Structure formats: structure tokens, C-alpha cells
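>>> Provided below are the primary sequence and the corresponding predicted coordinates.
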Amino acid sequence: MPLLVLAAGCTDSAGSPSGESVVTGSTGSLVVYCAHDQAFSDPILARFTRQTGIEVRVRHDTEATKSLGLVNRLIREKSVPVCDVFWNNQVLTTTDLLPHDLLAGYRGSGWRRIPDAYKDPDGRWCGFAARLRVWIVNTEAMPATHDAVEAASSGIDLSRMAIARPLFGTTLTHYCLLWHADAGTTLKTWHAEARRRGLVEVPGNSAVKNLVARGTCDLGWTDTDDFFVGLDDGHPVAMLPVRLPGGQTICMPNSVAIIRGTPRISEARRLVDFLLSEQTELDLARSASRQVPLGTTDEASLPAEVRRLRPLVLEGIDLSELEASRTACLAWLRSEYKR
């Protein structure tokens, strides 16, 4: 098969002692660890195979742990690398790999078309096709206005507000940005109070979407791609951008990186340029996820909903200086959720 998907919990050729799946690549196939949703990433990778003839073998992971789980796997495998290319659904956990010297620099045609704010100057990672953090609101329960959201999220009873558990994924990045503002002082207070008032915590962003779309909760935090799933399914939902205290939005690009030492460097570079191309950004913009291109793109070719999101991406906060805050925030969260 030209495209083989290795989902979490399955085994290819051999199983590790822990029961996790192990991907054993061959010389002729490119092994990709992918944290982006399988429904959106598989068609892109299948097109790459059709155009290039290069077989791609993909490992996905679970909704709840996917980007962090794959990052930890890459670190464990450092001495005997399995993966050739890492397609992450965000930037922050990709940069966790930099201190481990796991990423190879490559500044190809795709890297050159992406703005400097969304790429490593040495080419060790590069962003593309962004999502935004948003409030999802059930419009039958409340108006989709910033005043209404502010009132509902600061109320005495938060049993009608949902978030994904912040130990993983884009909610972790969201928390790290809140932590960064004042070394966690405000976040710790809000988090404790919100949980005391009944804040609903679920495994992932899609579960937040489901709760709000079905009317079990009135509002919650999610990403634009999950919001659009709810909208397309005909649910009474609207979205508003999450804004940080300084007024910035939270822009979450995908990112791609080549794993250092891959014996398939030529094929890996071809895939990176393919993912960072205008065509791939357009494909993801036109998909159900409506991801926002970062590089120069024909505006007329974009869906109207994506064109409306482009200005919000330009207001996105810089994620490049979050390493210390992320380390501290994650240590605090791990202690909180052991209780």
C-alpha cells in the first residue's frame, strides 16, 4: 500500500515491552510521526505519494496526548531513530526537541516562503497552516459576544464551561501563555477557582466541541478546526477568538521537522518542501479544518471563512520565548493533577 497508517496501540513488525507500537521502516519508505488529525493529514500525505512515488508510513497518536506523546517517543528513540519527519499540530512541543539535538536544519523552498515569525532561523522546524484558539459558544444557550463570554466564564457556576485537560496539546500551550504573563500567579488562582466552581475538563478539544454543540455545556475553549466540525454538522455554534491580556490572539501553526540522522534525507526534504508549499496550505484551508495559510497565498483561492481569520493570525502572540514558562507551567500542572 502506498500509505500505511499506524494508529496508537497497533503494532508493525514488533511490539515494545510496554505494549506501544513500533514502526520499523524500510529503506524505501519514509516514516512520518504525525500529530495532526488523521482525517486531514492522510489525504495530504497520500497526494505526496501519488506525486512523488515515495511511500509514506505514518504513526498517529491519541487525541488526548498526541503531540506530547510523539515528542516523548522521539526523545526515547534518539539513539536508534525510527522517524524521518515529524509533522506536529503545533510549534511549542516541536521546540522541546531542540535541546536534545534531534532536529536537522533544512532551509528549502518551503522554508523560504514562510514568514520569519513562524520558523526557526536555522531551518530546524518551520510552521505552516495555522489554527486559532477560540471560544466555542452554543448560540441557543447564550449570545456569542465577548461580554457574554466574559460574564459566563467568570461566574459562580462554571459547570457549563468546558476545556480540555491542560496537560497536553493546544490547551497546554494556552496555559503556558497565561503562565508567561506573570509567572503563573494569575493562572494558578483562576485554575483553582474555576475547578472549585465546577469547570468541566475533558480529554481533548473535540470533546469540548461535542459538549457545547450538543448543549451539555454553553461555552468552552477549543481550536478553529474543531469548531468548524461542529458548525458543519449543523449544530448551533459560533466562535470568538481567545484574546490574551495584551490583546493578542493565540495562533497555532502546524510545524514540520526532519529528524537528525535519517538515512532518507533526500525524501525527507522533498516531503518538507511539499508540506510547506502554497498548494498544501491551500488544501488545508479548503479542507473541513479551514486552516489559515502563513505563506503568500492567492487570497481569491481561499474560502471566505479562512480569509476572515487571516487578520487574527497576524495578531498572534510570539511563541518563541516560552521555553522557561512551559517548563514551569507543565511541572505545576503535573503536580496539580497527581492530587
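Here it is on my side, so go on.

>>> Now do the contacts for the most centrally placed residue in the chain.
With distances taken as Cα atoms, centre = their mean, Asn89 lies nearest the centre of the chain, 3.1 Å away. Residues near Asn89 by Cβ atoms under 8 Å, 6 or more residues apart in numbering: 35-37, 66-67, 131, 169-170, 252, 254. No exception for glycine: its C-beta is placed from N, CA and C like everyone else's.

>>> Among the residues you listed, which lie within strands?
131, 252, 254 (DSSP state E).

>>> Name the residues linked to the first one by a beta bridge.
When bridges are called by DSSP bridges, Arg131 pairs up with Met252.

>>> Near it, how many other residues are there?
29 (other Cβ atoms under 10 Å).

>>> before we move on, what about the second one?
Around Met252 there are 28 other residues, counting by other Cβ under 10 Å.

>>> is it true that it touches Thr93?
No: at 11.0 Å, Met252 does not count as touching Thr93 under the criterion of Cβ atoms under 8 Å.

>>> follow-up on the earlier one: mind putting the ones in strands among the contacts of Asn89 into a markdown table with distance to Ser159 and pLDDT?
A markdown table is the format used below for these (distance: Cβ to Cβ, whole Å; pLDDT from 0 to 100):
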| residue | distance to Ser159 | pLDDT |
| --- | --- | --- |
| Arg131 | 27 | 96 |
| Met252 | 27 | 93 |
| Asn254 | 34 | 96 |
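
>>> Just put those residues in JSON lines and tack on distance to Ala162.
As requested, the ones in strands among the contacts of Asn89 are exported to JSON lines (distance: Cβ to Cβ, whole Å):
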{"residue": "Arg131", "distance to Ala162": "18"}
{"residue": "Met252", "distance to Ala162": "19"}
{"residue": "Asn254", "distance to Ala162": "24"}
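
>>> Between those, which sits nearest Val292?
Minimum distance to Val292 across the ones in strands among the contacts of Asn89 is 7.4 Å, recorded for Arg131 (Cβ to Cβ).

>>> my read: that closest one touches Thr173, true?
No: taking Cβ under 8 Å as the definition, Arg131 is not a contact partner of Thr173, at 10.9 Å.

>>> Provide a list of residues in contact with Leu177.
Neighbouring residues of Leu177 by Cβ under 8 Å, 6+ apart: 244, 250, 317, 319, 322, 325.

>>> ok, now how distant is Leu97 from Ile259?
Leu97 sits 9 Å away from Ile259, taking Cβ to Cβ, to the nearest Å as the criterion.

>>> my bad, should have said Ser41
17 Å.

>>> Do a quick rundown of the helices in the protein.
Using DSSP state H, the helices of the chain run over 38-52, 66-76, 92-95, 109-113, 146-153, 169-182, 185-196, 205-213, 224-232, 265-275, 278-286, 304-314, 323-336.

>>> who does Arg57 bridge with?
Here Arg57, judged by DSSP bridges, has bridge partners Leu4, Val31.
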